[in-house]
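Asker: Need a 3D model of the following:
(one chain, ligands or ions: 1)
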Amino acid sequence: MKKPVIAIDGFSSTGKSSISKIIAQKLDLVHLDTGALYRGVTWFALQNCVSENGTVDLEDLFKNFHHIHLEFKNVDNELVLFLNEINIGKEIRSNEVSDNVSNVAKQAEVRDFLLGYQRKLAEKGGIIMDGRDIGTVVLPNADFKFFLTASIEERTKRRYNELLGLGIPAEEQSVKENLIERDRIDSEREVAPLKQAEDAIVIDNTEMTKKETIEKILNCVKNF
Ligand code: DC
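Answerer: Next comes the predicted model:
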């Protein structure tokens with residue numbers, strides 16, 4: 001039986017990844033969190049391509065793409081990102097990566113570097129992919145497209161709690177500022193900006209639980 005290809009885009013901390021993960025389990029699909037790939041490249045850059053003033057040296061990064069081998073591996077039934085065979089699942093959630101990732105992700109070279117890998121993973125179908133440009137650029141022919149949004153206050157609360165849960169020190173005001181800044185850079189960038197596909201179903205889940213959002217999506221895809 002053919003399985004669907006589902007694209008989930010939207011703002012940071014709207015629950016895209018955790019919701020996609022549960023839908024993948026329910027429908028027996030592969031789940032790919034594409035934000036992790038951009039975070040993985042950023043982590044590599046912060047370790048290896050930093051200029052004297054402490055910022056990412058983009059030219060150096062572009063020259064070193066051939067040293068970046070990203071792969072998702074199954075660890076305790078979860079797909080975890082490995083960089084050159086090293087588990088970086090926790091490192092990519094650090095504040096340092098969050099502060100730098102949008103600037104790395106807006107580079108056309110970086111997006112090109114990751115595009116082929118993402119499309120290849122979707123070739124066989126049976127996948128739910130979440131990100132910012134999945135419905136518009138990566139998988140424009142996806143069977144279903146959703147665009148998630150929620151108020152900045154609600155998203156701040158969710159991200160703050162997520163960080164605390166991961167044992168990463170956080171402060172609510174700076175979490176909020178980081179989200180606003182990332183949304184701005186992601187939405188305004190020239191290449192593959194964050195925007196809803198014309199044929200996407202928009203879900204504002206400010207007032208919805210995770211379970212309700214999942215039910216709404218499952219309801220939309222049930223007739224595939
Ligand atoms: O979903 P996230 O917060 O882990 O994403 C990290 C960053 O990567 C975010 O600033 C936007 C960027 N990103 C992107 O540009 N395109 C994607 N498909 C996924 C993420």
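
Asker: where do the helices sit along the chain?
Answerer: For the chain, the helices defined by DSSP state H occupy 16-27, 34-48, 58-63, 95-105, 108-122, 152-165, 172-188, 210-221.

Asker: Is it possible to get JSON lines of the ones you listed that adds distance to Ala200?
Answerer: Heads up, the C-betas are built off the backbone N, CA and C, glycines and all. Converted to JSON lines, the helices of the chain look like this (distance: least, Cβ to Cβ, whole Å):
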{"stretch": "helix 16-27", "distance to Ala200": "13"}
{"stretch": "helix 34-48", "distance to Ala200": "16"}
{"stretch": "helix 58-63", "distance to Ala200": "31"}
{"stretch": "helix 95-105", "distance to Ala200": "20"}
{"stretch": "helix 108-122", "distance to Ala200": "17"}
{"stretch": "helix 152-165", "distance to Ala200": "19"}
{"stretch": "helix 172-188", "distance to Ala200": "15"}
{"stretch": "helix 210-221", "distance to Ala200": "11"}
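
Asker: Can you give me the first-to-last residue distance of stretch 134-152?
Answerer: Stretch 134-152 has an end-to-end distance of 22 Å (Cα to Cα, to the nearest Å).

Asker: And for stretch 66-76?
Answerer: End-to-end distance for stretch 66-76: 29 Å, by Cα to Cα.

Asker: again, but for stretch 187-195
Answerer: From start residue to end residue, stretch 187-195 stretches across 7 Å - Cα to Cα.
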